[in-house]
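# Below are the sequence and a predicted model; questions follow.
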Amino acid sequence: MAGHIRQRSPGSWELRFRSGSKTRTTTFRGGKRAAEQELRRLLSEADRGITVTAPARLTVADWLGQWLEIARGEVRAITWDRYEAAVRLYLRPALGTIRLRDLSPRDVQTAFTGWTTAGRQRGAGGLARSTLGLLRKTLHAALQRALELELIARHPMAALRKRLPTGAAPEAKVIDAPAISALLDKAAGTPYYPAILLATSCGLRRGEACGLRWRNINFDTKELAVEEARVPARKGITTGKTKTGRRRSIRIPEFAVALLQQHRLTQAERLLALGIRMSADAYVCAHGDLSPINPMSLTAWCRKNSPIGLHGLRHSHASLLLGAGASIKAVSSRLGHASAAMTLSTYAHLLPGADEDAADRLDKVMSGSKVVANKP
């Protein structure tokens, strides 16, 4: 099987080869030697029956639009909204004009390198770690589907998964126990009080706190079940699965049990005065008429009244546990992280005296060994 290479312009090469009964043409950007290597790869894939079926004029922007429609019925509404924002704000502007079949690892690398130094929608500087992560996830998913549908012969990100820039991890900001108590006092009497309590005592995410119902709390066993979340979407608030899609059970501290019981009693008495009996399906975080609070309003209240915002309260919960000697695995379970490794990478700097403790433990192990015992 033979192929031909022709220079179109400096740094641009036309690669032409036979695949099956068709002659295929693609463009490669780079040096001549790299173009020759790419042609050999394409010939090898054609020899093994791997073909590219994407229309020659199908651009990355076109495919991303098609993929979003495919993904709409496969993921949560909030996830789809994030995919759509990633495509609209970043992926289309940077990669959209490139033909899908011509998208190369170099194109992907160039885009991500640029995003680490510039690209913010507001202000200057590189994109945040979370945004870069969303872009990696979104582009990889779109290209993986194109690969499965045989629109492309290889995944342009395959060789770069561990090399693309991730951005600097923001350090978790926390407050101490007295500051948490002061914040709870400030929130008392507002519909946001139980959400603040749940974030600081149980480590619940915003959507999990807003989606918690009284039937999810068992005061006898002092446990709560996190089963669903209420999150903002482009078309209102949606209720669905948690971020990880898994149910988890959390033990409620004694002080929080008493405060939640008092909150429930106050809520029930207020409704009873209106002639309404409270249902077990009622939301814990609700207004006086039992209508659930808006997660965005909760975030706004915390931004105004807490020095670390709402998510910082979840970080503070983890910080207090680690400071009290709780294991990483236990903290990870309460927070609902996908793995203990994720918890460790986020909160390793909060482990008090971890290095000193490790040295002390090694001293105890080695103190009885012959090597140490025979030392003068």
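Alright, I've got the coordinates. Residues are numbered from 1 along each chain as shown.
# Return the residues in contact with Met279.
That one is not Met; residue 279 is Ser. Applying Cβ atoms under 8 Å, 6 or more residues apart in numbering to Ser279 gives the contacts Trp214. For the C-beta atoms, the positions are set from N, CA and C on the backbone; glycine is no exception.
# For the chain, which segments are assigned as strands?
Taking DSSP state E to define them, one finds strands in the chain at 3-9, 12-19, 22-29, 217-218, 223-226, 229-233, 236-240, 248-251.
# Out of those, which gets nearest to Ile78?
strand 229-233 (4.5 Å; Cβ to Cβ).
# Quick one: closest of the strands of the chain to Asn294.
Smallest distance to Asn294 across the strands of the chain (Cβ to Cβ): 6.6 Å, for strand 236-240.
# If I take that closest one and strand 229-233, what angle do their directions form?
Relative orientation of strand 236-240 and strand 229-233, computed by axes from the mean of the first three to the mean of the last three Cα atoms, to 10 degrees: 150 degrees.
# please renumber so the chain begins at 8
With 8 as the first residue, the last one maps to strand 243-247.
# Quick check: mean pLDDT of strand 243-247?
If you average the pLDDT over strand 243-247, you get 81.
# Sheet partners, orientation included, of it?
Applying DSSP bridges, strand 243-247 is found paired with strand 236-240 (antiparallel).
# how about the partner strand: buried residues?
Ala236, Arg237, Val238, Pro239 (16 or more other Cβ atoms under 10 Å).
# could you redo those as JSON lines and give each row pLDDT and distance to Arg106?
Shown next, in JSON lines, are the buried residues of strand 236-240 (pLDDT from 0 to 100; distance: Cβ to Cβ, whole Å):
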{"residue": "Ala236", "pLDDT": "91", "distance to Arg106": "39"}
{"residue": "Arg237", "pLDDT": "91", "distance to Arg106": "42"}
{"residue": "Val238", "pLDDT": "85", "distance to Arg106": "36"}
{"residue": "Pro239", "pLDDT": "83", "distance to Arg106": "36"}
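# on that earlier part again, any idea which of the strands of the chain gets closest to Ile187?
Of all the strands of the chain, it is strand 255-258 that lies closest to Ile187, at 17.3 Å by Cβ to Cβ.
# Remind me what that closest one packs against, helices and strands.
On a contact count with 3 or more Cβ pairs under 8 Å, 6 or more residues apart in numbering; DSSP states H and E, strand 255-258 meets strand 230-233.
# helices and strands around the strand it packs on, which ones?
Using 3+ Cβ pairs under 8 Å, 6+ apart, strand 230-233 sits against strand 224-225, strand 255-258.
# one more time with 6 Å, if that's ok
Applying 3 or more Cβ pairs under 6 Å, 6 or more residues apart in numbering; DSSP states H and E, one finds that strand 230-233 contacts strand 255-258.
# what ranges of the stretch 158-307 of the chain fall below the confidence cut-off?
Scanning the stretch 158-307 of the chain for pLDDT under 70 picks out the ranges 175-178.
# rewinding a little: for Thr353, state which of the buried residues of strand 236-240 is nearest.
Ala236 (19.7 Å).
# For that closest one, which non-adjacent residue is spatially closest?
Distance criterion Cβ to Cβ, 6 or more residues apart in numbering; nearest residue to Ala236, sequence neighbours excluded, is Gly214 at 3.2 Å.
# The one you found and Val233 touch, don't they?
No - applying Cβ atoms under 6 Å, one finds Gly214 not in contact with Val233, separated by 9.8 Å.
# ok, back up a step: can you tell me which of the buried residues of strand 236-240 lies closest to Thr86?
Nearest to Thr86 among those: Val238, at 9.6 Å, using Cβ to Cβ.
# residues in contact with that closest one?
Ile85, Gly214, Thr245 (Cβ atoms under 6 Å, 6 or more residues apart in numbering).
# One more pass at 8 Å, please.
Ala84, Ile85, Arg213, Gly214, Ile244, Thr245, Gly247, Pro302.
# all helices for the stretch 208-357 of the chain, in order.
213-218, 261-280, 302-312, 318-330, 335-342, 347-354 (DSSP state H, counting those that start in this stretch).
# out of those, nearest to Gly10?
That would be helix 347-354 among the helices of the stretch 208-357 of the chain, by Cβ to Cβ, at 45.1 Å.
# Just the CA trace of the closest one, in CSV.
Provided in CSV are the C-alpha atoms of helix 347-354 (Å, rounded to 0.1, in the frame of the first residue of the first chain):
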residue,chain,number,x,y,z
ALA,A,347,-9.0,8.5,49.6
ALA,A,348,-6.2,9.6,47.2
MET,A,349,-8.3,12.6,46.2
THR,A,350,-8.8,13.6,49.8
LEU,A,351,-5.1,13.2,50.6
SER,A,352,-4.1,15.4,47.6
THR,A,353,-6.6,18.1,48.7
TYR,A,354,-5.9,18.1,52.4
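# counting contacts, what elements does it pack onto?
helix 318-330, helix 335-342.
# what sits up against that helix?
Contacts for helix 347-354 (Cβ under 8 Å, 6+ apart): Ala176, Ala179, His322, Ala325, Ser326, Leu329, Ile335, Lys336, Val338, Ser339, Leu342, His344.
# Please repeat the previous calculation with a cut-off of 6 Å.
Here helix 347-354 has contacts from Ala325, Ile335, Lys336, Val338, Ser339, His344, using Cβ under 6 Å, 6+ apart.
# how many neighbours does the third one have?
I take that to be Lys336. 12 (other Cβ atoms under 10 Å).
# quick check: domain ranges of this structure?
The record's domain parsing of the chain by automatic domain parsing lists 10-54, 67-167, 184-313.
# for the contacts of Val238, which one is nearest Lys39?
Among the contacts of Val238, and counting by Cβ to Cβ, the member closest to Lys39 is Ile85, at 47.3 Å.
# Quick check: the closest one touching Arg241?
No - contact status for Ile85 versus Arg241: not in contact, 9.2 Å apart, counting by Cβ under 6 Å.
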